[in-house]
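Q: when you get a sec, could you give me coordinates for this:
(one chain, ligands or ions: 3)
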Amino acid sequence: MQVHHRLLERDPEFRLRQAELERKIHNRLAAGTSVRQAVTTVPVVVHVVYKTADEKITAAQVKSQIAALNKDYRATNPDKSKVPSVWQGLVTDARVQFALATRNPAGNKTSGILYVRTTQAAFPDDDSVKAPATGGSAGWPSARYLNVWVCSLGDGLLGYAQFPGGPAKTDGIVILNRAFGTTGTATAPFRLGRTGTHEVGHWLNLRHIWGDTEDCSGTDFVADTPNAQHPNYGKPRFPHVSCQNGPNGDMFMNYMDYVDDDAMLMFTAQQVVRMQASLDGPRATIGK
Ligand code: ARG
Ligand code: ZN
Ligand code: CA
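A: Ligands and ions are numbered 1, 2, ... in the order given. Model prediction:
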């Protein structure tokens, strides 16, 4: 959210495009329809930015992240059975799937995985991993690709993302190598690929479920997620009540909360409307 607010401050056009997108989503919610009914396949390029051998994660680890995204975004993750019965009916297929790019921007064959050496021991949340001049790797055209940078991050950060409508050069998501995928260096409690699921949620314009305030005044602009006071961590026990949202309480098992990977399980119907609205709007060229 720090990255998001910095961009809102600095880039008036991003501010306008975000406002325009919110207006469109509002109409879309009123009409109850999405333009894209088919499943969208998002071409993904993964930039593995490494200094040590450990940080140079394997192709198998990268592929395990893509597989995790595909389960979560099609709601085929078996652990969705752990969603409390009161919310089982809200578990929704986002109609999005992911595939490593098979062609680079020049049209040549690619594995969709780039290995880029750096002298940086760790990156902050300042987009420096996204440019060669600052020790990172340049993104591929964001109109066509989802750029995923995988690196070591400072300050206990698991990842960060850019919302739709921002500058092309920094568009995409950044994920800590040890919280990426389900094998290799991926480490519990962030070893189910759900940092990726969460960050792609932001890339498709989802907000945090508690609305990014600590006093019940914030919102995620999603009607079927209960208003919640603050992020939940770890593996909460159902129900956790806040903001007069009893008896069921916070939907802490949503991908857009901050719980452990094995405790986040679902997107809701209205979250899917928000994501699909960005695929009908600022991300309309993705998967076409
Ligand atoms: N801190 C990150 C963000 O706000 C991601 C949190 C991901 N949580 C997880 N259990 N993997 O974007
Ligand atoms: Zn987040
Ligand atoms: Ca809500």
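
Q: contacts, neighbours, all on C-alpha from now
A: Will do.

Q: near ligand 1, which residues of the stretch 51-200 of the chain?
A: Within the stretch 51-200 of the chain, the positions near ligand 1 by Cα under 6 Å from any ligand atom are L157, L158, G159, Y160, F190, R194, T195, H198, E199.

Q: of those, closest to ligand 1?
A: Proximity of those to ligand 1 (Cα to the nearest ligand atom) peaks at T195, which lies at 3.5 Å.

Q: count of neighbours near that closest one?
A: 27 (other Cα atoms under 10 Å).

Q: give the contact list for it.
A: Contacts for T195 were tallied using Cα atoms under 8 Å, 6 or more residues apart in numbering; they are L158, G159, I175, A179, F180, D261.

Q: of these, list those near ligand 3.
A: With Cα under 5 Å from the ion as the criterion, the contacts of T195 include none near ligand 3.

Q: of the residues you listed - the most surrounded one?
A: F180 (31 neighbours).

Q: surely it meets T197?
A: No: counting by Cα atoms under 8 Å, no contact exists between F180 and T197, whose distance comes to 10.2 Å.

Q: thinking again about what came up before, please narrow the contacts of T195 to those residing in strands.
A: Counting by DSSP state E, those place G159, I175 in strands.

Q: now pLDDT and distance to S142 too, for the contacts of T195, in JSON lines please.
A: Shown next, in JSON lines, are these (pLDDT from 0 to 100; distance: Cα to Cα, whole Å):
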{"residue": "L158", "pLDDT": "98", "distance to S142": "22"}
{"residue": "G159", "pLDDT": "98", "distance to S142": "18"}
{"residue": "I175", "pLDDT": "98", "distance to S142": "17"}
{"residue": "A179", "pLDDT": "98", "distance to S142": "23"}
{"residue": "F180", "pLDDT": "99", "distance to S142": "21"}
{"residue": "D261", "pLDDT": "99", "distance to S142": "27"}
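
Q: re earlier: can you add distance to G89 and give the residues of the stretch 51-200 of the chain next to ligand 1 back as CSV?
A: Shown next, in CSV, are these (distance: Cα to Cα, whole Å):
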residue, distance to G89
L157, 33
L158, 30
G159, 30
Y160, 30
F190, 26
R194, 21
T195, 24
H198, 21
E199, 24
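
Q: from those, which is closest to ligand 3?
A: H198 (16.1 Å; Cα to the ion).

Q: tell me which residues of the helix or strand containing that closest one are tucked away?
A: Assigned by DSSP states H and E, H198 belongs to helix 194-203. For helix 194-203, burial by neighbour count (16 or more other Cα atoms under 10 Å) applies to R194, T195, G196, T197, H198, E199, V200, G201, H202, W203.

Q: do stretch 166-178 as well
A: Buried-residue list, stretch 166-178, by 16+ other Cα under 10 Å: G166, T170, D171, G172, I173, V174, I175, L176, N177, R178.

Q: would you say V116 is within a helix?
A: No: according to DSSP: H, G, I helix; E, B strand; the rest coil, the state of V116 is strand, so it is not within a helix.

Q: got a list of what the residue lying closest to T102 once chain neighbours are set aside touches?
A: The shortest distance from T102 to any non-neighbouring residue, by Cα to Cα, 6 or more residues apart in numbering, is to T110 (5.0 Å). For T110, the contact set (Cα under 8 Å, 6+ apart) comprises A101, T102, R103, N104.
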